[in-house]
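A.B. asks: here is my input, please return the structure:
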Amino acid sequence: MRRLLMYVAAGLAWASSAQGGALQDENVLLPIPPGFKAGWHSVQGQLTATEFVPAGESVEAWSQMVTEKIFHGRSNDPPDGLPTAMSSGWKTVCPGGAAQKLGAEVENGYPAAIWAFICLRNPQTGKPESMWIKVISGSDSLYSVQYAIRSEVTADAARSALAYLRGVTVCDTRRADRSCPKGM
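C.D. replies: As a prediction, the model looks like this:
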C-alpha cells in the first residue's frame, strides 16, 4: 500500500505517493502551496485521496483547497475521461456553471489535460466556488490534482491556479524516459 510522503527540496514542500523512504515505481509529485497543510487523507479500495488547505482552515471551511486523487489500476485512461464525466454533474450542482477544457499535452512522457470548472454561486454555500483540474494518464494509475477557490474568479486567481498545476508531474523510477527528480 502506498503512503503519503512529504519532501522538502529547495525550500518547497512536496507531496508524493511512494512506498518506504524514497520514490519507487510511478509517482505523482505535487508542490504543497506555502502555508497549506494536509487536512484529510483517505484510502478506499482503488482510490487514494488527500486534501490540502491553508493553515487555520479545515476541509469543511476553506478558502482554497488542493485535492489529489489517485485511481489505482486505471492505467492509460484518457486524461479527458474524468473531467468530461465530472462536467455534467458540475452543471447540475451549480446551475449556470461551466466546465471547459483548457489544454492537453504530453509531460514527462504522460498524456495530461487541464480543465476549468467555474461556479459563480454554489447553492450549498452561497459562495462562488471554482476549480482547475489536471489529470495525468499514468502507466499504473490515473492521477488527478485539483486547485479550488471559494471566491470570485479573477485573472490572477486563474493564473495562480494554472501555474500551480504546471508544477504537478508524474515520474517513474523504473523508466529512464520518465525519470523522477534526483534526491527524492
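
A.B. asks: what separation do you get for the residue sitting nearest the centre point of the chain and Gly167?
C.D. replies: Among the residues of the chain, the one closest to the centroid is Val145, at 0.9 Å (CA atoms, centre = their mean). Relative to Gly167, Val145 is positioned 10 Å away (CB to CB, to the nearest Å). Placement of C-beta: from N, CA and C, glycine included.

A.B. asks: joint contacts of those two?
C.D. replies: Common neighbours of Val145 and Gly167, counting by CB atoms under 8 Å, 6 or more residues apart in numbering, are Leu30.

A.B. asks: show me the shaky parts of this protein.
C.D. replies: Along the chain, the model assigns pLDDT under 70 to residues 1-21, 184.

A.B. asks: residue boundaries of the helices in it?
C.D. replies: Assigned by DSSP state H, the chain shows helices spanning 81-93, 155-166.

A.B. asks: surely the residue nearest to the centre of the chain is in contact with Thr67?
C.D. replies: Yes - using CB atoms under 8 Å as the test, Val145 is close enough to Thr67 to be in contact (7.1 Å).

A.B. asks: quick one: end-to-end distance for stretch 143-156.
C.D. replies: With CA to CA, to the nearest Å applied, stretch 143-156 spans 26 Å between its terminal residues.
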